[in-house]
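Chemist: Dropping the sequence and predicted coords here.
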Amino acid sequence: MEVTEVKVFPLRKPNDKLKAFATIVFDSCFIIRDLKVINGNSGLFVAMPSRKLEDGTYEDIVHPINSETRQKIEQAVLEEYERVKDRRGRPAFRKRDSESALIEPPSLPSAQQDTPADSQSLSAGGIELL
């Protein structure tokens, strides 16, 4: 299973441990939303989407079963976070080719960027995906 797209949404709160939310796509057919980029005691790491249980603890909704997959997810998300952390505006998905090199999506004129009909966008949970 290969990471084919990564989208990172940096937060603008410099002193907060939560630095960004992320969405990742595998094999152009499986998407995971609400990953978190967190600045922990030993640096940045990626937390999986989770839900709060009745006892106040949290449980991952999805998570990798082996460390190789966890490293692949973390590397892809953190690379994209480093690339976009200082940018303003809405980030676009970045596709990856078979060698895992990033391929820039084509740019739209600024007047068309926010037009869902022109970009064939998909909106879910308040996040618009191009």
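Modeler: On my side now, so go ahead.

Chemist: Now the element after the top strand by length along the chain, going C-ward?
Modeler: Ordering each strand of the chain by length in residues (DSSP state E) puts strand 30-40 first. The first helix or strand that comes after strand 30-40 along the chain, using DSSP states H and E, is strand 43-47.

Chemist: For that next one, give the mean pLDDT please.
Modeler: Computed over strand 43-47, the mean pLDDT rounds to 96.

Chemist: That strand: partners in the sheet, and parallel or antiparallel?
Modeler: The strands beside strand 43-47 in its sheet (DSSP bridges) come out as strand 30-40 (antiparallel).

Chemist: Could you pull out the strands in this structure for me?
Modeler: 3-10, 18-26, 30-40, 43-47, 50-52, 58-60, 94-96, 102-103, 122-124, 127-129.

Chemist: Reformat those as JSON lines; add distance to E82 and mean neighbour count.
Modeler: From N, CA and C alone the C-beta is placed, and that goes for glycine too. Converted to JSON lines, these look like this (distance: least, CB to CB, whole Å; neighbours: other CB atoms under 10 Å):
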{"stretch": "strand 3-10", "distance to E82": "9", "mean neighbour count": "21"}
{"stretch": "strand 18-26", "distance to E82": "10", "mean neighbour count": "19"}
{"stretch": "strand 30-40", "distance to E82": "10", "mean neighbour count": "16"}
{"stretch": "strand 43-47", "distance to E82": "9", "mean neighbour count": "15"}
{"stretch": "strand 50-52", "distance to E82": "24", "mean neighbour count": "11"}
{"stretch": "strand 58-60", "distance to E82": "24", "mean neighbour count": "11"}
{"stretch": "strand 94-96", "distance to E82": "12", "mean neighbour count": "17"}
{"stretch": "strand 102-103", "distance to E82": "12", "mean neighbour count": "13"}
{"stretch": "strand 122-124", "distance to E82": "26", "mean neighbour count": "10"}
{"stretch": "strand 127-129", "distance to E82": "21", "mean neighbour count": "15"}
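
Chemist: That concludes my questions; thank you for your assistance.
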